[in-house]
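Peer 1: got a predicted model here, sequence first, then my questions.
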Amino acid sequence: MIPDPNLPAALAETPADLAVPTWSDPLAALPEEAVWLANFVSPRTKRTYQAAVQGFIAFHGLRSSGELRAIGPSHLIAWREHLIQVGARPRTVQNRLAAVSSLFRHLCERQVAARNPVTGVQRPRVNASRVEAAVLTPEQVRRLLHTPPEETLQGVRDRAILHVLFYTGCRVSEVTTLKVRDFFEDAGYWVLDFIVKGGQRHRLAIHHELQLALRTYLTQSGHGAERESPLFLAVPRRALRKPLTSRQVSKLFHRYARDAGLPLGVTPHSARATFITEALDRKCPIEAVQASVGHRHIATTKMYDKRTLHYRESASFAVRY
């Protein structure tokens with residue numbers, strides 16, 4: 001659709017990386033939809049919520065702020081059913097409805113919308129007791145870590161990226177924000193200093209295999225002395241010093257997972273779930289695991305613990321026919 005000029009540019013059906021109006025503009029001239037989006041600190045949250053609202057606008061062909069602010073619960077129900085029909089997961093549907101609800105809460109608070117149309121709209125149930133990401137066995141992880149070729153710089157870089165994911169349990173977005181300066185020795189331990197949700201710093205002492213993978217990559221890439229450079233650079237355009245994007249990291253993960261013959265449904269988030277489950281299975285205290293992955297609440301860490309499924313105790317293994 002061709003957006004109406006009256007629809008805020010940040011929410012128009014345009015590429016997701018379109019910037020919101022700059023703060024050099026008069027504050028009074030900023031539409032409230034743009035203020036809502038700009039108020040998020042996390043770039044990832046901003047992109048996710050922006051994309052969700054863009055999808056809603058495109059689905060209904062809305063062309064102005066006035067049309068957006070006038071929608072009712074029936075519009076949300078129709079969109080919810082569409083998402084379910086095209087195969088969106090319950091958690092995805094929930095998150096997208098939450099994005100629209102967040103926008104309308106802001107509009108109601110600023111008294112430019114009469115009500116929040118998402119209120120009362122039923123959302124799909126999700127299993128809040130566990131994370132659905134598949135967990136890999138140690139053998140599968142080792143096979144995946146060894147899949148990228150050692151003979152090329154890209155292969156060495158990708159090995160290092162996979163090691164970061166599986167030896168720290170970090171999020172993909174946290175990999176892309178790492179700089180060379182974030183890999184250093186502190187109090188006798190080599191650490192990675194991540195930027196996590198909310199823009200907070202999270203420092204983690206790392207396994208010697210991860211240290212080796214990072215040192216090998218930085219030696220071959222030749223940018224280990226450039227402290228302000230992104231840790232992982234795009235290949236072959238190293239001269240541009242461009243960091244990888246979350247999409248690029250996800251794509252390389254899926255490519256190597258396929259090449260390693262891993263089951264369908266394995267995603268980058270599987271590395272986080274695998275890290276937590278494996279650490280707990282090795283008798284690491286859950287409080288230490290919680291601290292390592294940066295969870296605010298220990299209940300969130302427990303959601304990743306696939307040991308609670310007790311697959312080995314399945315009654316199916318006992319029957320004989």
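Peer 2: Right, received. Where do you want to start?
Peer 1: where along the stretch 201-321 of the chain do the helices fall?
Peer 2: 208-221, 246-259, 268-281, 286-293, 298-303 (DSSP state H, counting those that start in this stretch).
Peer 1: of all the ones you listed, which one comes closest to residue 50?
Peer 2: Shortest separation from residue 50 across these is recorded for helix 246-259, at 14.4 Å, computed as CB to CB. All C-beta spots, glycine's among them, are computed from the backbone N, C-alpha and C.
Peer 1: export the closest one as PDB, just CAs?
Peer 2: C-alpha atoms of helix 246-259 as PDB (Å, rounded to 0.1, in the frame of the first residue of the first chain):
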ATOM      1  CA  SER A 246      20.900 -10.300  13.800                       C
ATOM      2  CA  ARG A 247      19.400 -11.600  10.500                       C
ATOM      3  CA  GLN A 248      22.800 -12.500   9.100                       C
ATOM      4  CA  VAL A 249      23.700 -14.400  12.300                       C
ATOM      5  CA  SER A 250      20.400 -16.300  12.300                       C
ATOM      6  CA  LYS A 251      20.900 -17.200   8.600                       C
ATOM      7  CA  LEU A 252      24.300 -18.600   9.100                       C
ATOM      8  CA  PHE A 253      23.100 -20.600  12.200                       C
ATOM      9  CA  HIS A 254      20.300 -22.200  10.200                       C
ATOM     10  CA  ARG A 255      22.700 -22.900   7.300                       C
ATOM     11  CA  TYR A 256      25.100 -24.800   9.500                       C
ATOM     12  CA  ALA A 257      22.400 -26.500  11.400                       C
ATOM     13  CA  ARG A 258      21.100 -27.900   8.100                       C
ATOM     14  CA  ASP A 259      24.600 -28.900   6.900                       C
END
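Peer 1: residue 126 against residue 94, yeah?
Peer 2: Yes - contact criterion CB atoms under 8 Å: residue 126 and residue 94 qualify, at 6.2 Å.
Peer 1: show me the shaky parts of the stretch 101-250 of the chain.
Peer 2: 127-130, 237-240 (pLDDT under 70).
Peer 1: rerun that using 80 as the cut-off
Peer 2: Along the stretch 101-250 of the chain, the model assigns pLDDT under 80 to residues 126-132, 197-199, 236-242.
Peer 1: list the contacts of residue 249.
Peer 2: By CB atoms under 8 Å, 6 or more residues apart in numbering, the contact list for residue 249 reads 161, 172, 175-176, 232, 268.
Peer 1: hmm, I typed the wrong one, I wanted residue 193.
Peer 2: 181-184, 201-204.
Peer 1: phi and psi next, for it.
Peer 2: phi -110, psi 100 (degrees, to the nearest 10).
Peer 1: out of the helices of the stretch 201-321 of the chain, which is closest to residue 36?
Peer 2: Closest among these, using CB to CB: helix 246-259, at 22.6 Å.
Peer 1: distance of residue 290 relative to residue 312?
Peer 2: 25 Å (CB to CB, to the nearest Å).
Peer 1: neighbour count for the two, which is higher?
Peer 2: More neighbours surround residue 290 than the other of residue 290 and residue 312, with 18 against 7 (other CB atoms under 10 Å).
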